[in-house]
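Visitor: Pasted the sequence and its predicted model underneath.
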Amino acid sequence: MTFEALGLHTSILNALTEAGYTAPTPVQQQAVPAAIEGKDLLVSSQTGSGKTAAFMLPSLHRLASAPYAGSGKTAAQEAQSARARGERPRFRPAQPKMLVLTPTRELALQVTTNTTKYTSHLRHIKSVAILGGMPYPKQMQLLAKNPEILVATPGRLIDHMDQGKIDFSQLEILVLDEADRMLDMGFIEDIEKIVAATPESRQTMLFSATLDGVVGNMARRITKDPLVIQINTATTKHENIAQRVHFVDDLSHKNRLLDHLLRDETMDQAVVFTATKRDADTIADRLNIAGFSAAALHGDMHQGARNRTLDGLRRGNVKVLVATDVAARGIDVPNITHVFNYDLPKFPEDYVHRIGRTGRAGRNGIAVSLVNHAENMLVRRIERLTRQPIPVEVIEGFEPKRAAPSRSASRPGWKPGDGRNAKPGQRSFSNPRSEGGHYRSEGNPFAGERKEGGYRNRNEGGYRAEGGFRSERSEGGFRGERTDGGFRNRNDGGFRSERPAEGGFRNRADGGGFRSEGGFRAERPAEGGFRKEGGFRERGESNFRNRDRDAGGFKGPRTDAPRRPWGDR
C-alpha cells in the first residue's frame, strides 16, 4: 500500500515524498483511513512504529481540506495595525483546532518537528509546542500566533488555561500520545480537566502501549464508539533488535565492560540509560575523559540545554547519549544503533520503550543490559512481559567471577518463583512443604492427604487428628470430644463445659477454680479471693477506695513491716 491509496491531501503527499517516506507502516494503514472518516481511535502499538504520522497525517488532511479564511497577517502585523489605528493591542486567547498531549518535553518537540516536516507545503497551518522549562514570554509569543496545532505537556497547558490564554471552543481534534505514560506520571486529574474544557463534538484519538486497566477506563470515558487497533504490542518480539544480557560482579566490572562495548566499530550512535540523574552526569563526564563524544540528558537540565543536546545527537556531534527514562519516549534518531541499560528499569514496560530508541523505521539495532547477579529477577520480569528469553553472553577477558544464574529459557511457560529448579524436598513458593511434615503432600501440592503432621488428615496424627484443629479429637483437641483436660469437652474440665470443683473457669457452684473460690465474677469467700481481702473494688474491707484500711490494702497501715521513708522506697 502507498500513501496515495490512503487518500491524503496532495500537499501532504508531496511533503512525505520529500521527507523520504515510501510506504505506510501497519499502524498507519489502519489508523489513517479511519481517522479521515472522523472515527475515534484507541491504538496500541509499540514504539517506533510510526504513531506520530498515524494521528498527524489524517488531522492535517482534515485541516488542509477545510477552507482557509485567514487574513494573511501575522500577530505582529495585526498589533502594528492596531497601534496605527490608535488602538491598544490586546492579547487574544489562542484557539487551536488540534491539541496533542504528550507526557514529556522531548516527545512534544519530536511531534512538533515531524509536524513541521509534514506541513512544508501547507504554510498556513502553524504548530507550536508549549511545555515546561520554556520562558513564559516565549510561550506567550507562540500563543499569539493563534496556531492551528498545539502540542503541550499537561502541566504547562493547565497554567495557560487558568490564565485564560487558551480557548478550546474551536477545537476539533484531541490526541493523547503515550497515554499510559501520562497516567504513570500522575497526570490523570490534569487530563480530565483538559478533556472537560474541550467540546463534546471533538474527535479523540488515544495512543498507548496498553489499553488495559486505568488507561482502558479513561479511554472509554473520553471516546465515543472508538475503533480499537492493536498492532505490535509489548508482547510482540522485536525481531529487528538483538537483545542480550551481560552479568557483572561490581561497579568496576560494569564500567570496564561498558567501555569495551562502546568501542565497537559497528556502532554509530548509542544511548546509555541510567537510573539516576547523578549517574547520568557522572558517566557522561567519565566517557568524555575516556575520549568519547558523550552528553547527559535528564529532567534537571534546563530546556535550552536539553534541546541543544538532542540537536547535537541528531546532527551526529554526540555519539553517546547518557540519559534517564525521561528520554525513553521522545528520542527519534535513526542513526542510534545501540542501546545500553547501565541500570535496569524498575518497570518492565520501560525496558520496551528504552530499547525502542534503536531499530526504528525497520532498521536493525542492538540492546545490551549490564546486570548484577542480584538483579536477575528483573530480567525475568522483562522476559515475562515480552514473552521471549534474553540470551546471556560472556565476552572473553570480561568474564564475571560468579557464574551466570541458571536460565529457564529452554522450558516454555516458566514463571519466576515457580520452583522448577528446586531440589527434591526443597521448599518453594508453589510447594512450601514437599514431603513429610511439609504443607503439601507428595501427590497434590495444594490439597492432598497429609501423612505426618499435615493439616487435613483426620485419621492419623497431624495437626487436625490428635490435638488438631477440626478433626474428631480424643485427647486435648480443640473442638472434639475431649476426655482429659480438653478445652471444650463440657463434661471434664473444658473451657465452656461444666467445670469440676477444682480448676474450672465458670463453675460457680462447687469450690475451686478461678471463678469459684478466687474467681473473677463468682461469689468469693472471705479468704483468698481477689476482691475480698486485698481485692480491688470490694468496698467493705481493704481495697483501693476504702480509706479505712486495716489489713491488706495498698494504702492502709502496714502491720507486718515498719513504714519506710519515701527516699528508701
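Guide: Ah, there it is. Numbering: from 1, shown residues only.
Visitor: Name the next helix or strand downstream of the helix or strand bottoming out on mean pLDDT in the chain, please.
Guide: Every helix and strand in the chain was compared by mean pLDDT, DSSP states H and E; the lowest is helix 75-84, with a mean of 70. As assigned by DSSP states H and E, the chain's next helix or strand after helix 75-84 is strand 98-101.
Visitor: neighbours around Ala209, how many?
Guide: Ala209 has 20 neighbours, counted by other Cβ atoms under 10 Å. The way it works is simple: take the backbone N, C-alpha and C, and place the C-beta from them, glycine included.
Visitor: Kindly report the same for Arg387.
Guide: Per other Cβ under 10 Å, the neighbour tally for Arg387 reads 12.
Visitor: What count of nearby residues applies to Phe340?
Guide: Neighbours of Phe340 (other Cβ under 10 Å): 23.
Visitor: from memory it sits against Val272, does it?
Guide: Yes. When contacts are counted by Cβ atoms under 8 Å, Phe340 is listed as touching Val272 (4.6 Å).
Visitor: which residues do these two both contact?
Guide: Leu258 (Cβ atoms under 8 Å, 6 or more residues apart in numbering).
Visitor: Please name the residues that touch Phe207.
Guide: Phe207 touches 41, 43-45, 51, 54-55, 175-179, counting by Cβ under 8 Å, 6+ apart.
Visitor: now, which of those lie within strands?
Guide: 41, 43-45, 175-176 (DSSP state E).
Visitor: Just give me the least confident of the residues you listed.
Guide: Among the ones in strands among the contacts of Phe207, Ser45 carries the lowest pLDDT, at 79.
Visitor: quick one, domains of the chain?
Guide: Domain segmentation of the chain under automatic domain parsing yields 4-65+74-231, 241-386.
Visitor: Can you list the low-confidence ranges for the stretch 351-500 of the chain?
Guide: For the stretch 351-500 of the chain, the stretches flagged by pLDDT under 70 are 361-362, 406-500.
Visitor: Then the chain?
Guide: 47-48, 68-79, 89-90, 232-238, 327-330, 361-362, 406-569.
Visitor: any chance you could map the strands in it?
Guide: Using DSSP E, strands in the chain cover 41-45, 98-101, 127-130, 149-152, 173-176, 203-208, 227-231, 241-248, 269-273, 294-297, 320-323, 336-341, 365-372.
Visitor: what are the C-alpha coordinates of stretch 284-299, in CSV please?
Guide: This file holds the C-alpha atoms of stretch 284-299, laid out as CSV (Å, rounded to 0.1, in the frame of the first residue of the first chain):
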residue,chain,number,x,y,z
ALA,A,284,28.9,11.3,30.7
ASP,A,285,31.9,13.1,32.3
ARG,A,286,33.9,9.9,32.5
LEU,A,287,33.1,8.9,28.9
ASN,A,288,34.3,12.3,27.7
ILE,A,289,37.5,11.9,29.7
ALA,A,290,37.9,8.5,28.1
GLY,A,291,37.7,10.0,24.6
PHE,A,292,34.0,9.5,23.7
SER,A,293,31.8,12.3,22.5
ALA,A,294,29.2,12.0,25.2
ALA,A,295,26.4,14.1,26.7
ALA,A,296,23.9,13.8,29.5
LEU,A,297,20.1,14.2,29.3
HIS,A,298,17.8,14.3,32.3
GLY,A,299,15.0,16.2,33.9
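Visitor: Could you list the buried residues of it?
Guide: Of all the residues in stretch 284-299, those buried under the rule 16 or more other Cβ atoms under 10 Å are 284, 287, 292, 294-299.
Visitor: What of stretch 335-343?
Guide: Buried-residue list, stretch 335-343, by 16+ other Cβ under 10 Å: 336-343.
Visitor: Among the residues you listed, which one lies nearest to Lys254?
Guide: Tyr342 (7.2 Å; Cβ to Cβ).
Visitor: these two touch, right, that closest one and Asp259?
Guide: No. Tyr342 is beyond contact range of Asp259, at 11.7 Å (criterion: Cβ under 8 Å).
Visitor: need the contacts of Phe207 in TSV with distance to Leu131 and neighbour count, can you?
Guide: Converted to TSV, the contacts of Phe207 look like this (distance: Cβ to Cβ, whole Å; neighbours: other Cβ atoms under 10 Å):
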residue	distance to Leu131	neighbour count
Leu41	24	23
Val43	23	26
Ser44	25	23
Ser45	24	24
Lys51	19	25
Ala54	22	28
Phe55	18	26
Val175	15	26
Leu176	16	30
Asp177	13	26
Glu178	14	23
Ala179	17	28
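Visitor: which one of the residues you listed is nearest Lys401?
Guide: Using Cβ to Cβ, these come closest to Lys401 at Glu178, 40.8 Å.
Visitor: Backbone dihedrals for the closest one, please?
Guide: phi 60, psi 50 (degrees, to the nearest 10).
Visitor: got a list of what it touches?
Guide: 102-104, 107, 207-209, 329.
Visitor: swap the cut-off to 10 Å and go again
Guide: Taking Cβ atoms under 10 Å, 6 or more residues apart in numbering, we find Glu178 in contact with 47, 51, 101-104, 107, 184-185, 206-209, 329-330, 353.
Visitor: mind listing what the residue lying closest to His9 once chain neighbours are set aside touches?
Guide: Of all residues not flanking His9 in the chain, Ala64 sits nearest, at 4.4 Å (Cβ to Cβ, 6 or more residues apart in numbering). Contacts of Ala64 were listed using Cβ under 10 Å, 6+ apart, and they are 8-12, 119, 121-122, 124-125.
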